[in-house]
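[1] Build me a model:
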Amino acid sequence: MAHRILVVEDDAHMREGIQDILETHGYEVWTAGDGAEGLQTLETLVPDLILSDIAMPTMDGYAFYEAVRRNPRWALVPFIFLTARGERADIRQGKRLGVDDYLTKPFDTEDLLAAVEARLKRMAEVRAATEAEKEALRKAILDALPHELRTPLTYIKGYTSLLLQDTALMTPEILHEALEAIRSGSDRIGSLVEDFVFLVTLDAGEVAATVKAAHETVDLRPILRTLVTDYQQRAAARQVTIELDLSSPLPFVEAYPPYIANALGRLLDNAIKFSKRDGGRVTIRAWAERGEVHVAIEDTGIGLPATEIPKIFERFYQVDRARMEQQGVGLGLPIALGIVEAH
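    Predicted structure coming up:
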């Protein structure tokens with residue numbers, strides 16, 4: 001299928017000449033006499049590339065470009081400015097706006113075709129990379145999500161059926177065990193749902209907006225002490241010790257306490273989860289350096305290959321899930337990073 005190109009040029013002779021060159025080389029070409037007419041044309045098709053003059057009546061190229069980029073349907077379409085102006089100020093203005101390329105008239109056929117082919121090739125590469133990322137994300141979700149839903153649901157359904165059938169014959173201990181398993185399973189599903197909802201608020205900018213509107217001067221020490229208390233039981237179940245080092249004086253920071261506690265809690269939970277059972281240790285240290293407060297959470301876990309470290313903040317990414325059972329779907333660290341970035 002031929003690539004579709006929209007040419008926006010107020011000079012009829014120039015517009016027709018560009019159209020002839022492109023059509024001769026197999027492109028499907030649509031034309032418009034100025035930016036306003038170009039926007040009307042875009043309502044009926046989404047081209048693979050736009051070539052636009054700058055100095056045009058009614059709506060010039062700059063205004064046309066900005067209107068194109070404001071519309072999500074056209075925001076990623078490659079855009080090349082065509083202009084008779086050779087001044088650096090005009091070129092800088094185009095680049096400042098983010099235009100993909102800039103051709104100064106007069107240009108020959110080879111220059112035009114080279115610019116068009118280069119932008120179309122680059123867009124094809126970007127689309128291929130995006131599709132590969134989407135496929136990798138889809139696979140990661142399919143690897144993790146069914147397990148994270150099926151396992152707790154199995155507990156809930158199994159123990160519910162047991163309670164419905166044999167309650168009268170159960171000892172209080174067995175009844176308590178069944179109810180605890182049901183609660184654990186529902187908590188696990190609830191936590192998963194909460195993570196997905198929080199991820200949406202991150203992407204929508206709501207977390208950053210909340211931080212901007214509700215941040216306050218915060219002492220991190222009470223937050224860290226509370227986290228250690230909250231996670232002691234979970235750590236003890238794995239015979240993991242939590243050590244908190246607040247020996248260095250800490251200045252106050254500007255933050256939104258619930259979100260900072262959320263991020264630090266996710267890091268602490270991750271450290272406990274991957275520490276060695278029966279004797280593992282998690283150490284939390286906080287210190288000030290060059291006007292900044294640093295918090296480090298270290299564990300005695302299995303470690304990571306150096307090649308995996310750049311990937312650990314990717315959504316749904318987990319290291320060798322097939323070999324290591326890991327509760328969760330790989331959202332804890334990405335959410336923690338998103339909270340920190342929102343600050």
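
[2] going forward, measure contacts between C-alpha atoms and count neighbours the same way
    Will do.

[3] Please name the residues that touch Y155.
    The contact partners of Y155, by CA atoms under 8 Å, 6 or more residues apart in numbering, come to A181, I182, G185.

[4] List the buried residues in the helix or strand containing I272.
    I272 is part of helix 257-273, with elements assigned from DSSP states H and E. If you call a residue buried by 16 or more other CA atoms under 10 Å, then helix 257-273 has these buried ones: 257, 259-273.

[5] Can you add secondary structure, neighbour count and distance to L199 and give the contacts of Y155 back as a markdown table?
    Below are these laid out as a markdown table (DSSP: H, G, I helix; E, B strand; the rest coil; neighbours: other CA atoms under 10 Å; distance: CA to CA, whole Å):
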| residue | secondary structure | neighbour count | distance to L199 |
| --- | --- | --- | --- |
| A181 | helix | 18 | 27 |
| I182 | helix | 21 | 26 |
| G185 | helix | 22 | 22 |
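
[6] out of those residues, which one sits closest to R69?
    Distance to R69 across the contacts of Y155 (CA to CA) is lowest for G185, with 46.3 Å.

[7] mind checking how far the nearest residue to that closest one once chain neighbours are set aside is from R290?
    Of all residues not flanking G185 in the chain, P152 sits nearest, at 4.2 Å (CA to CA, 6 or more residues apart in numbering). Distance, P152 to R290, by CA to CA, to the nearest Å: 46 Å.

[8] And A255, by the same measure?
    18 Å.

[9] Look at the two and report which has more neighbours.
    Using other CA atoms under 10 Å, the more surrounded residue of A255 and R290 is A255, with 20 against 5.

[10] pLDDT score assigned to the closest residue to that one other than its chain neighbours?
    Leaving aside its chain neighbours, A255 sits nearest to H215 (4.8 Å; criterion: CA to CA, 6+ apart). Note on H215: pLDDT of 90.

[11] which residues touch H215?
    With CA under 8 Å, 6+ apart, H215 has these contacts: E254, A255, Y256, P257.

[12] Reformat those as CSV; add distance to A209.
    What follows is the contacts of H215, written out as CSV (distance: CA to CA, whole Å):
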residue, distance to A209
E254, 14
A255, 12
Y256, 11
P257, 14
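
[13] any chance of the residues you listed in CSV, plus pLDDT and distance to T24?
    Formatted as CSV, the contacts of H215 follow (pLDDT from 0 to 100; distance: CA to CA, whole Å):
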residue, pLDDT, distance to T24
E254, 92, 62
A255, 93, 61
Y256, 93, 61
P257, 94, 64
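
[14] Where does pLDDT dip in this structure?
    Across the chain, the ranges flagged by pLDDT under 70 are 85-91, 94, 136-137, 139-148, 166-169, 319-329.

[15] Name the single longest strand found in it.
    Assignment by DSSP state E gives strand 280-289 as the longest strand of the chain.

[16] Pull that one out as CSV, backbone CA atoms only.
    This file holds the C-alpha atoms of strand 280-289, laid out as CSV (Å, rounded to 0.1, in the frame of the first residue of the first chain):
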residue,chain,number,x,y,z
GLY,A,280,17.8,-13.0,56.2
ARG,A,281,18.3,-9.4,57.1
VAL,A,282,16.9,-6.1,55.8
THR,A,283,18.7,-2.9,56.7
ILE,A,284,17.2,0.6,56.3
ARG,A,285,19.5,3.5,56.5
ALA,A,286,18.8,7.2,56.1
TRP,A,287,21.3,10.1,55.9
ALA,A,288,21.8,13.6,54.6
GLU,A,289,24.2,14.5,51.9
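
[17] any idea of the angle whichever helix or strand comes after it forms with strand 280-289?
    Downstream of strand 280-289, the first helix or strand assigned by DSSP H and E is strand 292-299. Comparing the axes of strand 292-299 and strand 280-289 via axes from the mean of the first three to the mean of the last three CA atoms, to 10 degrees yields an angle of 170 degrees.

[18] send the alpha carbons of strand 292-299 over as CSV?
    C-alpha atoms of strand 292-299 as CSV (Å, rounded to 0.1, in the frame of the first residue of the first chain):
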residue,chain,number,x,y,z
GLU,A,292,19.4,15.9,50.2
VAL,A,293,18.0,13.0,52.3
HIS,A,294,19.0,9.5,51.1
VAL,A,295,17.2,6.3,52.1
ALA,A,296,18.7,3.0,51.3
ILE,A,297,17.0,-0.4,51.9
GLU,A,298,19.4,-3.3,51.6
ASP,A,299,18.7,-7.0,51.9
